[in-house]
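1. Structure for this input, please:
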Amino acid sequence: MEAINRKIKKRIFEIIILFSIIFFTSTLIYIYFTQLIEPVQDFTIEIRSDEDFEKYGFPGSGTEQDPYRIENYTIQTSNLWAISICDVSKHFRIWNNVLEVERIGIYISNVEPNITQILSNIIFGGDNGGIIISNVDGGIIDDNTCYDNFQGINLENSANWQLRNNTLENNRLYGVYIIDSLQIIIENNTLSHNAYSGGSYYNIGVLIERSPNVTIQFNSFKNHGLTFSLSDLNQYSSIIVENNTVNDLELGYFFNYNDKTINNPKYGQILLINCSNVNITNQFINHTGIGLDIDFCNNCSIYENNFCYNRLRGISLYKTYDITLCNNTFYKNMYGIGIWHSNNTMIKNCFFESNNRGCYSGGSECSVFNCEFYNNNLGYLANNFYTILEDIINSSIFDGNFIGIELYGANGKIKHNEFYNNDYGCYIVDSDYELFSNIFAYNTEDIVIE
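-> Residues are numbered from 1 along each chain as shown. Sure thing, here's the model as predicted:
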């Protein structure tokens, strides 16, 4: 019995020693790692002169070989920005920081050319943007992650920037927005679901506005794509777009592409710029921003294609002439078709279902024949800035459209159409329209004229 008691006491002693070792070791590990991790800090870094780098005590000397380094911070702030640098001439690098912000993560403005590097940061939560660059020439934005911001990266009035290897996800407006800038390289970035969670009107991965000399290559887009807003055709001559994917399919960019047929369904998005006599058929373009973007083109036929779940437009026309859209299906797009400043567009035998806008025409000459508009929020909207012909003939507008046809300041004919089971069949404001031989039934109101 005594021997058994000795064994029990020995075992208890061993267990106590074991737990003491485990506790002591765990304490050492905790102390070690908490010393390695920079604690969360609620403050703002604001640099307004070269001397401020020294005042903050950042490492480096401000030369190209040894830039000042803002590195390894974890900042959570409700201030206007986490890091803001303006009016400096010394080289600096913002590297390896984690920034949880309410407004702007990193803001750079009016610094000397070719002194800025923004590398390997994680930025999220900004209601204005992750990274905003204004009036700065020359810099690198590489290997950053921007998510859940209003926009991921914004460059305005800047030149000679390289945006490489960045991840931009779930930003509510754009992944990348370039405006009034030039000589920009956007390369090998991953952009997914930007504007997806916020349900934004825009839903654009990369938007290039009034910015020539831009190269866009080896980027991957998911659930949106590439959009240009260039009012001058000459600006496109300096644009390079190659080797990009949209939803794991090719991004088709065609400039000065004439007398061709595109019928291989290998594209996740197609952009047609300054092309003539092009046929596009057999495409299934879904879950992007603008499925098919046609700018400054003429004499093109788009037929027997499907455009579904595109978060901006299925097809967009800008400054086009003689475009025919035939036997296409548009389902659950923001706009099935959007037409701006285009002439002699014919839409026939197309089917529009559950789009926010079935078809929109602004400042354009357009004819619609034998189409069906079913369960759209608004079937057809003509909002013309000039007096332009709009003919809507032999079409069916039925079952759940809030407004079948809504017209502002246009003239033309609405004839031989059927309006069934809509809230408003026709809603007409300041328009010189002829309505005849139409059938209205089971609408809350058939026609409203103001």
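2. Low-confidence bits of the stretch 301-450 of the chain, can you list those?
-> 385-388 (pLDDT under 70).
3. Outline the domain layout of this protein.
-> 2-36, 41-449 (automatic domain parsing).
4. Just say which of these is most tucked in.
-> Most buried of these, by mean neighbour count (mean count of other Cβ atoms under 10 Å): domain 41-449, with a mean of 20. Bear in mind the C-beta positions are built from the backbone N, C-alpha and C, glycine included.
5. mind checking how far that one is from the chain centre?
-> Put simply, domain 41-449 sits 5 Å off its chain's centre (Cα atoms, centre = their mean, to the nearest Å).
6. likewise stretch 442-450?
-> The answer for stretch 442-450 is 37 Å, by Cα atoms, centre = their mean.
7. what about stretch 142-152, how long is it end to end?
-> 13 Å (Cα to Cα, to the nearest Å).
8. Actually, stretch 79-88.
-> Distance across stretch 79-88, first residue to last, is 22 Å (Cα to Cα).
9. same thing with stretch 319-336?
-> Termini of stretch 319-336 sit 18 Å apart (Cα to Cα).
10. before we move on, what about stretch 281-298?
-> 16 Å.
11. A strand includes residue 54, no?
-> No: Residue 54: not assigned to a strand; according to DSSP: H, G, I helix; E, B strand; the rest coil it is helix.
12. Check it and give its pLDDT.
-> We have a pLDDT of 96 for residue 54.
13. Against residue 91, how distant is it?
-> 14 Å (Cβ to Cβ, to the nearest Å).
14. before we move on, what about residue 81?
-> For residue 81 relative to residue 91 (Cβ to Cβ), the value is 21 Å.
15. do residue 346 as well
-> The value you get for residue 346 to residue 91, if Cβ to Cβ is used, is 58 Å.
16. Kindly report the same for residue 325.
-> For residue 325, the distance to residue 91 - Cβ to Cβ - is 53 Å.
17. what does residue 413 give?
-> Distance, residue 413 to residue 91, using Cβ to Cβ: 66 Å.
18. How about residue 125?
-> From residue 125 to residue 91 the distance is 29 Å (Cβ to Cβ).
19. What of residue 53?
-> Taken as Cβ to Cβ, the span from residue 53 to residue 91 is 10 Å.
20. Local confidence estimate at the residue lying closest to residue 136 once chain neighbours are set aside?
-> Spatially, and ignoring its direct neighbours in sequence, residue 136 is nearest to residue 158 (5.0 Å; Cβ to Cβ, 6 or more residues apart in numbering). Residue 158 carries a pLDDT value of 98.
21. from memory residue 158 sits against residue 141, does it?
-> No: if you go by Cβ atoms under 8 Å, residue 158 and residue 141 don't touch, sitting 10.9 Å apart.
22. Now for those two: what residues contact both?
-> Shared contacts of residue 158 and residue 141, defined by Cβ atoms under 8 Å, 6 or more residues apart in numbering, comprise residue 133.
23. so what's the most centrally placed residue in the chain scoring on pLDDT?
-> Central residue of the chain (Cα atoms, centre = their mean): residue 204, 1.5 Å from the mean position. As predicted, residue 204 sits at a pLDDT of 87.
24. what residues are up against it?
-> By Cβ under 8 Å, 6+ apart, the neighbours of residue 204 are 173, 174, 175, 177, 194, 195, 224, 225, 227, 289, 312.
25. Good, wrapping up.
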